[in-house]
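Undergrad: No sequence on hand, only this structure:
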């Protein structure tokens, strides 16, 4: 309803909001420009057309015209600002770059005005689910514009994280988590491939047939392909990841799923219980698949049971329920299968058919050094997630980001000093 600014000797600025519903009182809106509240309804932040991120680096976010850091610097988005990300790619230096849109005000002190402007920027999407938000933000903007503030649209490219070559590490901006779970329906005739991790090269653990309704609790970009990173959706209950579109060049990148709404069974006051129940549902589905499998080797059985035990260890107080979910065919090639699945109303997840476990098996012992515990030789902080290829051999010595930078700079392998032919992201299987 109104904003009050407070100054403190240790903190530059507080912004306090007076609220009238659901109760009358005051709440902290922001401290030092970093807001604790966002504009709009919870459903607004799960919209497919509006992928909301926020600047988490205290010095702000540098916007440039192009992908490379040598391109023209056009603006700086302040710390805590909400913005929209439309694309991710990797530049020639091996750095992740994001294409963004945001709104700024000529009054640098008007943090509330910036957030309201951002809501208006994204409230005109083709789905038009944000009409209620548009109405409220328009009323607020009338007040903003009456005070002489001019809002300007910013667009360009920003770095997702600090450049490791600067000697610093950390995110510059991060996606806003889903405040409520979203419901998506599989629309592709051949269904959706479910994988254990974000990357398309992670193990395939299941398949959702056309017409299946999935509960989604998050989204992220993949690291491959580097010129057009893919948007991936996270299934509830640690159930895996699916793609929004096929990994093909436009216009053949057909939609795999479409959003149909939010999960009405989600209670924000019992969020933990909701996610525990979703985990239990995934476990029951996998147990059911184990019981109905006619043949599989002992190692696959052990892997699946070990993953189930890890997933169940913290939720043993929740009683088992009989889901009785069976059937379906696993897709066997890429993101599009040549096998037409029989539509069933349930989700088929199984790590048995492909020898994969529920959770991504990202680490594995390799010799006596146990490389899964080794850190990158360059940054000394990240895990070794890439293979530096030279000729017919390679070394697993660095993280993906540092490996890409080494190749971009023309450096040699830090282990054997051979010229680097290529960098591949590696997974332990």
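TA: Yep, it's here. Given the structure is predicted, the values throughout are model-derived calculations rather than measurements. Residues are numbered from 1 along each chain as shown.
Undergrad: The nearest residue to residue 176 once chain neighbours are set aside: neighbour count?
TA: Once flanking residues are discounted, residue 176 sits nearest to residue 52: 4.5 Å by C-beta to C-beta, 6 or more residues apart in numbering. Every C-beta, even on glycine, is put in place using the N, C-alpha and C of the backbone. Counted with other C-beta atoms under 10 Å, the neighbours of residue 52 add up to 21.
Undergrad: And residue 52, how far from residue 42?
TA: Going from residue 52 to residue 42 by C-beta to C-beta, to the nearest Å gives 12 Å.
Undergrad: thinking again about what came up before, check the contact between the residue nearest to residue 176 and residue 173; I expect there is one.
TA: No - at 10.4 Å, residue 52 does not count as touching residue 173 under the criterion of C-beta atoms under 8 Å.
Undergrad: which residues do these two both contact?
TA: Shared contacts of residue 52 and residue 173 (C-beta atoms under 8 Å, 6 or more residues apart in numbering): residue 83.
Undergrad: Could you list the low-pLDDT ranges of the stretch 201-350 of the chain?
TA: Applying pLDDT under 70 to the stretch 201-350 of the chain picks out residues 289-350.
Undergrad: Residue 24 and residue 82: what is the separation?
TA: Taken as C-beta to C-beta, the span from residue 24 to residue 82 is 27 Å.
Undergrad: Neighbour count: these two, which is higher?
TA: With neighbours defined as other C-beta under 10 Å, residue 24 and residue 82 compare such that residue 82 has more, 25 against 9.
Undergrad: Now the more buried one. Its backbone dihedrals?
TA: Backbone geometry at residue 82, expressed as degrees, to the nearest 10, gives phi -80, psi 140.
Undergrad: next one: residue 287
TA: phi -60, psi -40.
Undergrad: ok, now residue 402?
TA: Per degrees, to the nearest 10, the backbone of residue 402 is at phi -70, psi -40.
Undergrad: quick one, what contacts it?
TA: 164, 376, 378-379, 382, 386.
Undergrad: hang on, residue 396 in a strand?
TA: Yes - using DSSP: H, G, I helix; E, B strand; the rest coil, the assignment for residue 396 is a strand.
Undergrad: Could you count how many residues lie near it?
TA: 16.
Undergrad: Is it correct that it is in contact with residue 426?
TA: Yes - assessed by C-beta under 8 Å, residue 396 is found in contact with residue 426 at 6.3 Å.
Undergrad: Identify the contacts common to the two.
TA: 386-387.
Undergrad: Would you map the helices across the chain?
TA: Assigned by DSSP state H, the chain shows helices spanning 111-122, 131-146, 271-292, 298-312, 400-409.
Undergrad: what's the longest one packed up against?
TA: When contacts are defined as 3 or more C-beta pairs under 8 Å, 6 or more residues apart in numbering; DSSP states H and E, helix 271-292 packs onto helix 298-312, strand 348-349.
Undergrad: Is the residue nearest to residue 176 bridged to anything, and to what?
TA: residue 84 (DSSP bridges).
Undergrad: ditto for the one 10 residues further on
TA: Beta-bridge pairing for residue 62 (DSSP bridges): residue 76.
Undergrad: any idea how far it is from residue 257?
TA: In terms of C-beta to C-beta, residue 62 sits 34 Å off from residue 257.
Undergrad: Between the two, tell me which one has more neighbours.
TA: Between residue 62 and residue 257, residue 257 has the larger neighbour count (other C-beta under 10 Å), namely 23 against 17.
Undergrad: was I right about the more buried one contacting residue 182?
TA: No - judged on C-beta under 8 Å, residue 257 makes no contact with residue 182 at a distance of 10.2 Å.
Undergrad: Sitting in strands, which of the contacts of residue 402 do you find?
TA: Per DSSP state E, strands hold the following members of these: residue 386.
Undergrad: Go through the contacts of residue 402 and give me the one with the most neighbours.
TA: If you rank these by neighbour count (other C-beta under 10 Å), residue 386 sits at the top with 26 neighbours.
Undergrad: who does that residue bridge with?
TA: Here residue 386 shows beta-bridge partners residue 398, residue 425, assigned using DSSP bridges.
Undergrad: Who are the contact partners of it?
TA: Neighbour list for residue 386: 396, 398-400, 402-404, 423-426 [criterion: C-beta under 8 Å, 6+ apart].
Undergrad: swap in residue 86?
TA: Contacts for residue 86 (C-beta under 8 Å, 6+ apart) come out as 51, 99-101.
Undergrad: Just the buried residues of the residues you listed.
TA: 51, 100 (16 or more other C-beta atoms under 10 Å).
Undergrad: Between the contacts of residue 86, which sits nearest residue 409?
TA: Distance to residue 409, by C-beta to C-beta, is smallest for residue 99 among the contacts of residue 86, at 24.4 Å.
Undergrad: Look at that closest one and report its pLDDT.
TA: As predicted, residue 99 sits at a pLDDT of 96.
Undergrad: tally of neighbours for the residue lying closest to it once chain neighbours are set aside?
TA: Nearest residue to residue 99, sequence neighbours excluded (C-beta to C-beta, 6+ apart): residue 87, at 4.1 Å. Residue 87 has 14 neighbours, counted by other C-beta under 10 Å.
Undergrad: got it, and residue 54?
TA: Neighbours of residue 54 under the rule other C-beta under 10 Å: 20.
Undergrad: Contacts only, for it.
TA: Contact partners of residue 54, counting by C-beta under 8 Å, 6+ apart, are 80-83, 173-174, 176.
Undergrad: Let's see that with 10 Å instead.
TA: Neighbouring residues of residue 54 by C-beta atoms under 10 Å, 6 or more residues apart in numbering: 34-35, 38, 61, 77, 79-83, 115, 118, 173-176.
Undergrad: What residues are bridge-paired with residue 185?
TA: With DSSP bridges as the rule, residue 185 is bridged to residue 213, residue 258.
Undergrad: Next one: it from residue 60, what distance?
TA: Applying C-beta to C-beta, the value for residue 185 to residue 60 is 39 Å.
Undergrad: More neighbours: those two, which one.
TA: Neighbours per residue, other C-beta under 10 Å: of residue 185 and residue 60, the larger number sits with residue 60, 18 against 15.
Undergrad: Tally up the residues packed near the closest residue to that one other than its chain neighbours, please.
TA: What sits nearest to residue 60 in space, not counting adjacent residues and going by C-beta to C-beta, 6+ apart, is residue 76, at 4.7 Å. By other C-beta under 10 Å, 16 other residues sit near residue 76.
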